[in-house]
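Participant: show me how the following folds:
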Amino acid sequence: MKNDQNKNPFLNIKLWDFCFRSLIREYGIKFIFLVILRHPIMTLKGIIKYGRNDVKTSDQWAGGEKHIVGVGFCLKPLEPPCISGRSNHNCHFLENNLHLKDVKIPQCCNNCTIKNIGLLTLATGSNFYIMTSAKDILLDMYLPSIKNHKFTNGLFVICRFSFEPFKIPLFIAGMQADIFPFESGDCRDYPTWLLADNGRKDEQTVIDNNDSKTINAILTQSNTELETKNTFKKVGNIYYKK
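Facilitator: Okay, here's the model as predicted:
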């Protein structure tokens, strides 16, 4: 997992601040009952690996049905505003596979980072996920992966404040993952994160230019020629290759 500079992640004060404050929230309660109590052995093993900083990254992004790319909804453009709205899992461009249609592309889609990463993901035959609340991420991605290894490999772009808490369920699920933090516009404390988790995020986040190049390289390294004719089908909150 990328950008892990802590020799002992358990010493991260922000991690404990996040965990203690989340205990009384819906996400924290569901995590306790649906993950810790139902899968105690996997939870213990995952926490031990996390404490050892047992980093697991993919040597190569092969793509496929068990690979998933997740980006924050806060990457959606503000000017002009995203046609699909902001705090949701929707993308007008990807849902309608506009890359294959001779139609006028909405202005907000022209330079949209979500659209661009989504198309790279589609070309690899992988799944794509616009992440919103912690509860949805738990139900849509963590639990299916913990229960039946639905997703084994991931690439994610998230805010720096939730970087460490985000990693723990990945260790529990045994997922290999590359995680990139936003460069700017992201949450830096729990009150700001909590607002965003409830859909209130007025700033657009930005990915560091070097990280953006790395993400592009990861998603294209196994493809000598992008499969531009692939299409997405959205099932629930996740975009699957048809």
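
Participant: H89 - that's part of a helix, no?
Facilitator: No - assessed by DSSP: H, G, I helix; E, B strand; the rest coil, H89 does not belong to a helix; its assignment is coil.

Participant: if I look at it, how far off is K66?
Facilitator: Separation of H89 from K66 (C-beta to C-beta, to the nearest Å): 20 Å. Any C-beta I mention is one placed from the backbone N, CA and C, and that applies to glycine too.

Participant: next structured bit after the lengthiest strand in the chain?
Facilitator: In the chain, assigned by DSSP state E, the strand with the most residues is strand 176-184. Next along the chain after strand 176-184, taking DSSP states H and E as the criterion, comes helix 190-197.

Participant: where in this structure is pLDDT low?
Facilitator: Counting by pLDDT under 70, the chain shows low-confidence ranges at 1-14, 16, 54-60, 222-228.

Participant: please enumerate the strands of it.
Facilitator: With DSSP E as the criterion, the chain has strands spanning 67-72, 127-131, 153-158, 176-184, 206-207, 232-235, 238-241.

Participant: between the third one and strand 127-131, how big is the angle?
Facilitator: For strand 153-158 against strand 127-131, the angle between stretch directions is 30 degrees (axes from the mean of the first three to the mean of the last three C-alpha atoms, to 10 degrees).

Participant: strand 153-158 vs strand 176-184, what angle?
Facilitator: Counting by the same axes, to 10 degrees, strand 153-158 lies at 10 degrees to strand 176-184.

Participant: how many degrees apart are strand 153-158 and strand 67-72 in direction?
Facilitator: Going by the same axes, to 10 degrees, strand 153-158 makes 10 degrees with strand 67-72.

Participant: going forward can the numbers begin at 10, since that is how I track them
Facilitator: In the new count, where the first residue is 10, that last one comes out as strand 162-167.

Participant: mind listing the strands strand 162-167 pairs with, and their directions?
Facilitator: strand 76-81 (parallel), strand 185-193 (parallel) (DSSP bridges).

Participant: which of those sits closest to I126?
Facilitator: strand 76-81 (5.8 Å; C-beta to C-beta).

Participant: what residues does that closest one touch?
Facilitator: 70, 122-123, 126-127, 130, 133-140, 146, 150, 160-168, 191, 195, 214, 228, 247 (C-beta atoms under 8 Å, 6 or more residues apart in numbering).

Participant: got it, and stretch 205-212?
Facilitator: Y36, F82, C83, R95, S96, T141, S142, A143, C168, G194, C196, L204.

Participant: in those, find the pair that's most separated.
Facilitator: Longest span within these, C-beta to C-beta: Y36 and G194, 22.3 Å.

Participant: circling back to that earlier point, now which of the contacts of strand 76-81 would you call buried?
Facilitator: 70, 122-123, 126-127, 130, 133-140, 146, 150, 160-168, 191, 195, 214, 228, 247 (16 or more other C-beta atoms under 10 Å).

Participant: how about the closest residue to G245 other than its chain neighbours, what does it touch?
Facilitator: Nearest residue to G245, sequence neighbours excluded (C-beta to C-beta, 6 or more residues apart in numbering): D149, at 6.6 Å. Counting by C-beta under 8 Å, 6+ apart, D149 touches Y138, G245, N246, I247.

Participant: what's the distance between D149 and F160?
Facilitator: 10 Å.
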